[in-house]
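[1] Task: produce atomic coordinates for the following.
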Amino acid sequence: MHKLFGISALAGVLALACSAAFAADVPAAGTSPRIDAIKKAGVLRVGVLANPPWLVENTTGSGDQWTGPAWLLAKEVGDKLGVKVQPVPVSHETKVPVLGANQVDMTISPLAETPERQKVVDFVIYSNTASCMFGQAKNEKFASAANVDALNDPKITIAYFIGGSEENWVKQRFPKAHLRGVTSSNAPAPIEEVMARRADAAPINRIQWELLKSKVKGLSVLPKENDCQDSQELAAPVGLAVDKNQQVFLDWLRSVQAEMKPTLVEDEKRQIEAMKK
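    Numbering: from 1, shown residues only. Down below sits the predicted model:
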C-alpha cells in the first residue's frame with residue numbers, strides 16, 4: 001500500500017513537472033492565425049512608448065534601445081517564435097487602436113487594465129500600479145496613523161492635484177478629511193504642500209514613492225507593509241495588450257509570462273533602483 005502510494009505520488013510530481021516544462025510551448029501551426037502570421041513575417045511587431053520601470057528607452061545611442069520587464073517578455077516571445085522583435089513607436093492616443101488596426105501584434109507599452117480597455121483588448125498582466133499616502137515622519141498626525149483608513153479624519157488635511165488621476169479617488173476614499181486641491185506641477189505629487197505642512201498627507205504612485213524617498217529625507221508612507229509596494233489602494237493591473245478574439249495566442253502569452261514571472265519581478269526592482277541614480 002505504501003509502495004503504491006509512493007509510486008502514485010511520484011507520478012503526480014512528474015506530471016506536474018512535465019506540465020510546467022511544456023506550459024509555454026508554442027502552439028501548433030494552424031491553431032493560432034496570429035502566431036502563424038508572425039512566423040511567416042519573421043518579425044514580432046510590438047508597440048512601444050516608454051513607461052518606466054516597465055519599459056525604459058535608452059537614448060544614449062549605445063547598448064540596447066529598450067529594457068525593462070515588458071521588453072524582456074517581448075524578447076522571450078520573439079525567441080520562442082524564432083523571430084526578431086520589431087519596435088513600432090506609438091503614442092498615448094494610438095497604443096490601443098493600433099491593435100485593432102493590425103499595425104502591431106502586441107502593445108508592450110505598459111497599460112493599466114481598466115474596464116473600458118477590457119472591452120477592446122485582452123491583457124497579459126505582469127505587474128500593477130497602486131497608490132500610497134505619504135507625509136512627514138515628524139508630523140504627529142501622520143505618524144500616529146496606523147493605516148490609510150486612519151487618514152479619513154477631519155483633523156487630517158490631504159492635498160491632491162486638481163485634475164490628477166487620484167482626485168476622484170481621494171474624494172471617495174477620504175470623505176471626512178479636509179481636502180486641499182492644488183494646481184498640478186511637474187512633481188509626481190503635491191510634495192511642497194506636505195513639506196510646508198499645508199497638508200498632512202498626499203497620494204503618490206508606488207513607483208514614484210520609491211524615487212521620492214531616495215531624494216527627500218524625513219518622509220513616511222502608508223501602507224507601511226513592504227514600504228507600500230504591496231498597496232491595494234487605487235490598484236490596477238499592468239501589462240501588455242493584444243487584440244480581442246485570439247484565445248490561443250493570449251493563453252500562450254500568459255503561459256510565457258507565468259514562466260518568466262520571477263525574472264520580470266526582479267527586473268522591475270532593478271529598473272527602479274536604476275531610476276534612483
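
[2] Name whatever forms a beta bridge with residue 201.
    residue 158 (DSSP bridges).

[3] now the helices for the stretch 101-250 of the chain?
    115-118, 140-143, 167-173, 191-195, 206-215, 247-275 (DSSP state H, counting those that start in this stretch).

[4] Now render those helices as TSV, adding distance to residue 239, mean pLDDT and mean neighbour count.
    Placement of C-beta: from N, CA and C, glycine included. Shown next, in TSV, are those (distance: least, CB to CB, whole Å; pLDDT from 0 to 100; neighbours: other CB atoms under 10 Å):
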stretch	distance to residue 239	mean pLDDT	mean neighbour count
helix 115-118	10	94	10
helix 140-143	33	97	16
helix 167-173	21	97	16
helix 191-195	29	97	18
helix 206-215	15	95	18
helix 247-275	8	96	16
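
[5] Among those, which comes closest to residue 63?
    helix 247-275 (12.7 Å; CB to CB).

[6] Point out the other helices and strands that the closest one packs with.
    Helices and strands touching helix 247-275, by 3 or more CB pairs under 8 Å, 6 or more residues apart in numbering; DSSP states H and E, are helix 33-41, helix 69-81, strand 121-129, helix 206-215, strand 236-243.

[7] Could you export the helices of the stretch 101-250 of the chain to TSV, including columns for distance to residue 56?
    Below are the helices of the stretch 101-250 of the chain laid out as TSV (distance: least, CB to CB, whole Å):
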stretch	distance to residue 56
helix 115-118	22
helix 140-143	32
helix 167-173	27
helix 191-195	23
helix 206-215	12
helix 247-275	6
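
[8] Make TSV from the helices and strands packed on helix 247-275 and add distance to residue 253 to it.
    Formatted as TSV, the helices and strands packed on helix 247-275 follow (distance: least, CB to CB, whole Å):
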stretch	distance to residue 253
helix 33-41	10
helix 69-81	7
strand 121-129	5
helix 206-215	24
strand 236-243	7
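
[9] which one of the ones you listed lies closest to residue 160?
    helix 206-215 (14.0 Å).

[10] quick one: the closest one to chain centroid distance?
    Remark: helix 206-215 is offset 16 Å from the chain centroid, using CA atoms, centre = their mean, to the nearest Å.

[11] outside of that helix, which residues touch it?
    By CB atoms under 8 Å, 6 or more residues apart in numbering, the residues outside helix 206-215 that reach it are 52-53, 129-132, 134, 188-189, 191, 204, 219, 221, 227-229, 231, 272, 275-276.

[12] now could you export just the CA positions of that helix as PDB?
    What follows is helix 206-215 as a C-alpha-only set of coordinates in PDB (Å, rounded to 0.1, in the frame of the first residue of the first chain):
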ATOM      1  CA  ARG A 206       4.000  53.400  -5.500                       C
ATOM      2  CA  ILE A 207       6.800  53.600  -8.100                       C
ATOM      3  CA  GLN A 208       7.200  57.300  -7.600                       C
ATOM      4  CA  TRP A 209       7.300  56.800  -3.900                       C
ATOM      5  CA  GLU A 210      10.400  54.700  -4.300                       C
ATOM      6  CA  LEU A 211      12.100  57.600  -6.100                       C
ATOM      7  CA  LEU A 212      10.800  60.300  -3.800                       C
ATOM      8  CA  LYS A 213      12.000  58.800  -0.600                       C
ATOM      9  CA  SER A 214      15.500  58.400  -2.000                       C
ATOM     10  CA  LYS A 215      15.700  62.100  -2.800                       C
END
